[in-house]
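J.: Sequence first, then the predicted structure:
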Amino acid sequence: MSPINRDLHRYDQVKGKKVKNRLNNDLCEDLQRLGFNTRGKTIKEVQELATSQNIPIRVEEDDIVESWVGKPKRLRQMLWERGLLDPQVTYVAKIKRDDPNLEEKVEYSTVFADCADFLGEKTSLMYLGECLGVEVDRSTKCHPELAGKGNEYSWG
């Protein structure tokens, strides 16, 4: 990307307007404030009820082309800045088990696992616990390989 292009695309830009359907939860909240019971109703029924009560079911929003300023960096960006990405290798966020080209791909997290400065870094939860004066000693969520190690008893 040229320096001029980079400067033009540095910040979020409003491209125009777009019309979206409101979420079921939003419509249900509005209807419940008016005294209607929406429990067990389908989205079609909720939309019909909202229309009969003059509650808009569509909303107009800005269509925004996102940029990078003010956004957190992703793994790929951090690895690229450190010079850890090899152009000859295909990197993916998560390798699928049924992928026929499994051997040719490398996950970003595997490359990051070798970075010494990230191995000792505290998680956000550990940092917050430290600020509050407590010790947080928990494993990460959504990792089935840790089942049976006691982490299933750590729900608070």
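T.: Structure received.

J.: Could you list the buried residues of stretch 9-16?
T.: For stretch 9-16, the neighbour count (16 or more other CB atoms under 10 Å) marks no residue as buried. No exception for glycine: its C-beta is placed from N, CA and C like everyone else's.

J.: same thing with stretch 27-34?
T.: Under the neighbour-count criterion of 16+ other CB under 10 Å, stretch 27-34 has 27, 28, 30, 31 buried.

J.: separation between the second one and residue 36?
T.: What that stands for is residue 28. 9 Å (CB to CB, to the nearest Å).

J.: For the residue sitting furthest away from the middle of the chain, grab phi and psi.
T.: Distance from the C-alpha centroid of the chain, by CA atoms, centre = their mean, peaks at residue 52 (35.4 Å). As for residue 52, its main-chain torsions (degrees, to the nearest 10) stand at phi -70, psi -20.

J.: State the pLDDT value of it.
T.: Looking at residue 52, its pLDDT is 94.

J.: same question, residue 121
T.: 77.

J.: next one: residue 82
T.: At residue 82, the pLDDT value in this model is 84.

J.: So for it, what's the nearest residue that isn't a sequence neighbour?
T.: Leaving aside its chain neighbours, residue 82 sits nearest to residue 115 (7.5 Å; criterion: CB to CB, 6 or more residues apart in numbering).

J.: cool, residue 128 as well?
T.: residue 136 (7.7 Å).
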